[in-house]
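[1] Task: produce atomic coordinates for the following.
(chains A and B)
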Number of protein chains: 2
Amino acid sequence: MSIVVVGSVAFDDVTSPSGSVKGVLGGAATYFALAASYFTQVRVVAVVGDDFLPEHESVFKKRGIDTHGIERAPGKSFRWGGTYTDNLNEAKTDYTHLNVFEKFSPRIPKEYADTEFLFLANIQPTLQANVRRTMNGVRLTGCDTMNYWIQRTRPELAETLKLVDVLLINDTETKMLANEKSLPRAAQKVLAMGPQALVVKHGEYGATIFFREGAFGIGHHPFRAPTLPIDEVKDPTGAGDSFAGGFMGYIASQEELNREVLKRALFYGGVMGSFAVEEFGTKRLQSLTRDEIDARFQIFRELTHLD
Amino acid sequence: MSIVVVGSVAFDDVTSPSGSVKGVLGGAATYFALAASYFTQVRVVAVVGDDFLPEHESVFKKRGIDTHGIERAPGKSFRWGGTYTDNLNEAKTDYTHLNVFEKFSPRIPKEYADTEFLFLANIQPTLQANVRRTMNGVRLTGCDTMNYWIQRTRPELAETLKLVDVLLINDTETKMLANEKSLPRAAQKVLAMGPQALVVKHGEYGATIFFREGAFGIGHHPFRAPTLPIDEVKDPTGAGDSFAGGFMGYIASQEELNREVLKRALFYGGVMGSFAVEEFGTKRLQSLTRDEIDARFQIFRELTHLD
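    Numbering: from 1, shown residues only, chains lettered A, B, ... in the order given. Below you'll find the model as predicted:
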């Protein structure tokens, strides 16, 4: 099966305790697409500028990713500069130049019309809702957002949340969205806003999925997929998007949509997020094998498995 | 089997978003002893002042805890005041009055001589080492410490670490002790200082145990026990000590000392920590049943269990 991702393709300037890079290919849609490409056919909807060269497109092409939906606009691509110091969980943003992304109005190519799965990466909520309405035949829609939209476009975000099946955000965003300090209570409030399931990403500790009663199966217990911290986190940029790519990509590769599939997907999310941070930019995600991915899946599974 | 815990018995004044209490029974040895008492015979070594009344001692007695090692000294008991605001993982200490605890020199009663297990709660490292040397027949020694000792008494702490089997500290303390920002690398450095195993407590996300190569079995993979965040954390005080009580108490209840036992112990640690925070002070730990404990163990186990 296949999945469409709508989001940013960008160039990043990143400094971390492990070094620094300039102008590396990044953006939520890029990380997501590469991570998901190990599981399913991926189609990208994004906008780039004149600085997006064939060498950049070939990063997608080599992974079999469909780039028909990457629109070219005059000007420069989205550029982000960030610095990580000791707390690798949080980037200090040095600058955000939206450039051509500022007027991004996602257009879904006709070739993408039969796509079964959709992921709305972190963009303005009304744009997310429009895309979701255009692609009204999808089996499942995943969605990301961030504190900026939660604080400034709450009514628009509330509309979007009614249209999506799984929301993927972090602890802080969950509590902010629900205006509630207890995570379990916040999760219930977020689920009441629309999604069937909420994935709360805990950074290096993994992620927890909360279900609406009856969604994707019986019962109401949440599920946690842990991750093992890796020896050296070189560049945390894109970890959350790679998580989403592994999670949604695995779901799109399965015939059934049930809790067992979503639980495994949560582990695959953690696996792809942990690979992403091992190298600067998308380097590690460009050259994985499915065997490496499944070996790490097994390590994460055994990490908490009692005989 | 039985376990001796050496540490503080105190009175706490606690304020959290859920309310506030004054002069409730607390201290590391108290939380540890109550948590461990659901698994094994517990013996306490501590010092208290004139304000430690029969009603306080009965909290221990009701759980079958041996209080022969609680020394009475003229003056007041250790008193701690702390406030939790939004970040429930970190207390702001309002005051620490050591009182009789300032001159605490642990004495092991003769009746405790045959004890198989030992837990050195967070006290001055040289005192910990002295106790460990006195009780040189124990099968396994667990140990806690804190940033204060890591920063101010590093040589003394290094001596203590050579004498203990399992060190239980949190992420920040692990990185500080190893002077290393990567948790897996920090864990290896700490293990090289002496302990056979290191338990890193992650607060609401559970804990990870790292093993020295060959310790307690074959292989070198770490193990994680997750915890499920509870709806309302009323009072995080003592969560780490309760974790240690569940962990060490379960170990002391088992005939064998192997990795499978240590893995289960890690889950029981998380279970006892999660109960401790449900009420102010030690209230919840005073009135549990083993059925409640095992039911929560099962929930935590299923939280990450793939079919």
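
[2] need the contact list for the residue lying closest to A:A207 once chain neighbours are set aside.
    Computed as CB to CB, 6 or more residues apart in numbering or on different chains, the closest residue to A:A207 that is not its neighbour in sequence is A:K201, at 4.7 Å. Any C-beta I mention is one placed from the backbone N, CA and C, and that applies to glycine too. Applying CB atoms under 8 Å, 6 or more residues apart in numbering or on different chains to A:K201 gives the contacts A:L168, A:I169, A:N170, A:D171, A:A207, A:G240, A:F243, A:G273.

[3] and the gap between A:K201 and A:S242?
    11 Å (CB to CB, to the nearest Å).

[4] shared neighbours of those two, anything?
    A:G273.

[5] before we move on, the earlier item: who does the residue nearest to A:A207 form a beta bridge with?
    A:N170, A:A207 (DSSP bridges).

[6] Could you measure from it over to B:D13?
    For A:K201, the distance to B:D13 - CB to CB - is 36 Å.

[7] so which strand or helix has A:T93?
    Secondary structure from DSSP states H and E places A:T93 in strand A:92-97.

[8] Show me the strands paired with the helix or strand just after that strand, marking each as parallel or antiparallel.
    Next helix or strand after strand A:92-97 toward the C-terminus (DSSP H and E): strand A:117-120. Partners of strand A:117-120 in the sheet, by DSSP bridges, are strand A:2-6 (parallel), strand A:140-143 (parallel).

[9] Looking at the ones you listed, which one is packed in the most?
    strand A:2-6 (a mean of 26; mean count of other CB atoms under 10 Å in any protein chain shown).

[10] by contact count, what packs against the helix or strand just after it?
    With elements assigned by DSSP H and E, the helix or strand that comes after strand A:2-6 is strand A:10-16. In this structure, strand A:10-16 makes packing contacts with strand A:19-26, strand A:78-83, judged by 3 or more CB pairs under 8 Å, 6 or more residues apart in numbering or on different chains; DSSP states H and E.

[11] Just put those in CSV and tack on distance to chain B, mean neighbour count and mean pLDDT.
    Formatted as CSV, the helices and strands packed on strand A:10-16 follow (distance: least, CB to the nearest CB, whole Å; neighbours: other CB atoms under 10 Å in any protein chain shown; pLDDT from 0 to 100):
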stretch, distance to chain B, mean neighbour count, mean pLDDT
strand A:19-26, 14, 17, 97
strand A:78-83, 15, 19, 97
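
[12] Serialize the ones you listed to JSON lines and add fields for distance to B:N89.
    Converted to JSON lines, the helices and strands packed on strand A:10-16 look like this (distance: least, CB to CB, whole Å):
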{"stretch": "strand A:19-26", "distance to B:N89": "31"}
{"stretch": "strand A:78-83", "distance to B:N89": "25"}
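
[13] between those strands, which gets nearest to B:A129?
    Closest to B:A129 of the helices and strands packed on strand A:10-16, according to CB to CB: strand A:19-26, at 41.6 Å.

[14] in chain A, which residue is closest to the centre?
    A:D241 (2.9 Å; CA atoms, centre = their mean).

[15] I'd say that residue and A:A33 touch.
    No - assessed by CB atoms under 8 Å, A:D241 is found out of contact with A:A33, at 9.0 Å.

[16] Which residues are in contact with A:E57?
    A:E57 is in contact with A:T67, A:I70, counting by CB under 8 Å, 6+ apart.

[17] distance of it from B:N136?
    A:E57 is 69 Å from B:N136, by CB to CB.

[18] list the helices and strands the longest helix seen in chain A packs on?
    Counting by DSSP state H, the longest helix found in chain A is helix A:259-276. Judged by 3+ CB pairs under 8 Å, 6+ apart, the packing partners of helix A:259-276 are helix A:28-36, strand A:197-201, strand A:207-211, strand A:223-225, helix A:239-252, helix A:283-286, helix A:290-303.

[19] deepest of those, which one?
    Comparing the helices and strands packed on helix A:259-276 by mean count of other CB under 10 Å gives helix A:28-36 as most buried, with a mean of 32.

[20] by how many degrees do that helix and helix A:239-252 diverge?
    Angle, helix A:28-36 to helix A:239-252, by axes from the mean of the first three to the mean of the last three CA atoms, to 10 degrees: 50 degrees.

[21] tell me the angle of helix A:28-36 relative to strand A:10-16?
    80 degrees.

[22] Provide the angle between the direction of the helix or strand following helix A:28-36 and the direction of strand A:78-83.
    Next helix or strand after helix A:28-36 toward the C-terminus (DSSP H and E): strand A:41-48. Relative orientation of strand A:41-48 versus strand A:78-83 (the same axes, to 10 degrees): 90 degrees.

[23] Show me what secondary structure element comes after strand A:41-48.
    helix A:54-62.

[24] which residues are contacting the very next helix or strand once past that next one?
    With elements assigned by DSSP H and E, the helix or strand that comes after helix A:54-62 is strand A:66-72. Strand A:66-72 is contacted from outside by A:4, A:9, A:41-50, A:52, A:57, A:60-61, A:107-109, A:111-112, using CB under 8 Å, 6+ apart.

[25] ChimeraX command for the buried members of those residues?
    Selection of the buried residues among the contacts of strand A:66-72 in ChimeraX, burial being defined by 16 or more other CB atoms under 10 Å in any protein chain shown:
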select /A:4,9,41,42,43,44,45,46,47,48,49,52,57,60,108,112
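
[26] From one end of stretch A:276-285 to the other, what's the distance?
    6 Å (CA to CA, to the nearest Å).

[27] Mind listing what's buried along that stretch?
    Judged by neighbour count using 16+ other CB under 10 Å, the buried positions of stretch A:276-285 are A:A276, A:V277, A:E279, A:F280, A:G281, A:T282, A:K283, A:R284, A:L285.

[28] ok, of the contacts of A:K201, which one's closest to chain B?
    Taking CB to the nearest CB as the measure, chain B lies nearest A:D171 of those, at 9.2 Å.

[29] Report the contact partners of the closest one.
    Counting by CB under 8 Å, 6+ apart, A:D171 touches A:L183, A:V200, A:K201, A:H202.

[30] How about the contacts made by the last one?
    A:H202 is in contact with A:N170, A:D171, A:T208, B:Y205, counting by CB under 8 Å, 6+ apart.

[31] any idea how far the third one lies from chain B?
    As for A:T208, its distance to chain B is 8 Å (criterion: CB to the nearest CB, to the nearest Å).

[32] List the contacts of that residue.
    Here A:T208 is in contact with A:A187, A:V199, A:V200, A:H202, A:P222, A:F223, A:R224, A:A225 (criterion: CB under 8 Å, 6+ apart).

[33] how about the residues of the stretch 151-300 of chain A that lie near chain B?
    Counting by CB under 8 Å from any CB of the partner chain, the residues of the stretch 151-300 of chain A lying close to chain B are A:181-185, A:202, A:204-206, A:221-226, A:228-233, A:260, A:263-264, A:267, A:299.
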